[in-house]
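Colleague: Any chance you can model this:
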Amino acid sequence: MRIAITGRPGVGKTTLVERVLASVSLDAGGMLTKEVRKCGHRIGFAVIDVATGARGTLAGLHEPSGPRVGRYTVNVSDLERVGIGAIREALSHRELIVIDEVAPMEAASPAFFPAVEEALRSAKHLLVVTHAHFDHPLVHEIRRRFELYRVKMGNRDALVEPIASALAAGSNEDPE
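Modeller: Numbers count the residues shown, from 1 in each chain. Model (predicted):
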């Protein structure tokens with residue numbers, strides 16, 4: 001089963017993924033990205049290994065160096081160590097690979113797209129989040145080939161059950 005989730009920033013794509021993961025019995029690995037807030041203001045994003053909980057900084061307002069995406073500086077080292085490392089570990093040892101998300105910040109690492117492409121070539125179940133407005137051939141391929149769910153603030157909670165059910169049904173079959 002291959003599922004893509006897309007939506008605008010801030011609609012709860014990562015929250016949806018977390019709720020889906022809590023609802024399925026698949027052994028999942030891969031990466032999540034979460035906002036980091038301080039005093040109610042977003043100051044950056046963390047990258048988290050789904051299987052181990054290991055965390056790194058994906059991007060921040062005060063990172064000392066790295067490529068800039070909007071207001072944020074991307075920490076390519078942590079993205080590669082935690083995020084890409086988690087994708088590669090999931091390729092070897094997990095039933096479900098989570099990639100949250102394929103977006104401009106992640107694209108700052110030259111190793112990110114090859115890791116995603118490797119996951120796409122695998123026979124593993126995939127749950128991939130894409131940025132709604134990221135114009136990249138790989139994102140277009142994911143949206144075209146996967147079962148696509150568009151998340152909005154009004155439908156996020158209602159999507160948990162259908163996505164979890166699709167993954168559960170897909171786990172009873174051989175992966176593609």
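Colleague: For the chain, which segments count as helices?
Modeller: 13-23, 76-78, 85-93, 104-107, 112-121, 137-145, 156-171 (DSSP state H).
Colleague: between those, which gets the lowest average pLDDT?
Modeller: Comparing mean pLDDT over the helices of the chain, the weakest stretch is helix 156-171, at a mean of 92.
Colleague: What residues of that helix count as buried?
Modeller: For helix 156-171, the neighbour count (16 or more other C-beta atoms under 10 Å) marks 156, 159-160, 163-164, 166-167, 170-171 as buried. C-beta coordinates here come from the backbone N, C-alpha and C atoms, glycine included.
Colleague: do the same with stretch 122-141
Modeller: Across stretch 122-141, burial judged by 16+ other C-beta under 10 Å covers 124-131, 134, 138-139.
Colleague: Alpha carbons of that stretch, as CSV, please.
Modeller: Output in CSV follows, covering the C-alpha atoms of stretch 122-141 (Å, rounded to 0.1, in the frame of the first residue of the first chain):
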residue,chain,number,x,y,z
SER,A,122,11.3,-0.9,-2.6
ALA,A,123,8.4,-3.3,-2.1
LYS,A,124,7.6,-1.7,1.3
HIS,A,125,4.4,-0.1,2.3
LEU,A,126,4.8,3.7,2.2
LEU,A,127,3.2,6.7,3.8
VAL,A,128,4.6,9.9,2.3
VAL,A,129,3.7,13.5,3.0
THR,A,130,4.2,16.1,0.4
HIS,A,131,4.2,19.9,0.6
ALA,A,132,1.1,21.1,-1.2
HIS,A,133,2.9,23.6,-3.5
PHE,A,134,6.3,21.9,-3.9
ASP,A,135,6.8,21.7,-7.7
HIS,A,136,9.3,18.8,-8.2
PRO,A,137,9.1,15.8,-10.5
LEU,A,138,9.4,13.3,-7.6
VAL,A,139,6.5,14.9,-5.8
HIS,A,140,4.4,14.8,-9.0
GLU,A,141,5.3,11.1,-9.3
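Colleague: Give me the pLDDT for the most centrally placed residue in the chain.
Modeller: Centroid-nearest residue in the chain, with C-alpha atoms, centre = their mean: residue 100, separated by 0.9 Å. Note on residue 100: pLDDT of 97.
Colleague: which residues sit in contact with the residue nearest to it when sequence neighbours are not counted?
Modeller: Distance criterion C-beta to C-beta, 6 or more residues apart in numbering; nearest residue to residue 100, sequence neighbours excluded, is residue 129 at 4.3 Å. Listed by C-beta atoms under 8 Å, 6 or more residues apart in numbering, the contact set of residue 129 reads 4-6, 13-14, 17, 99-102.
Colleague: Tell me the spacing between residue 129 and residue 39.
Modeller: 27 Å (C-beta to C-beta, to the nearest Å).
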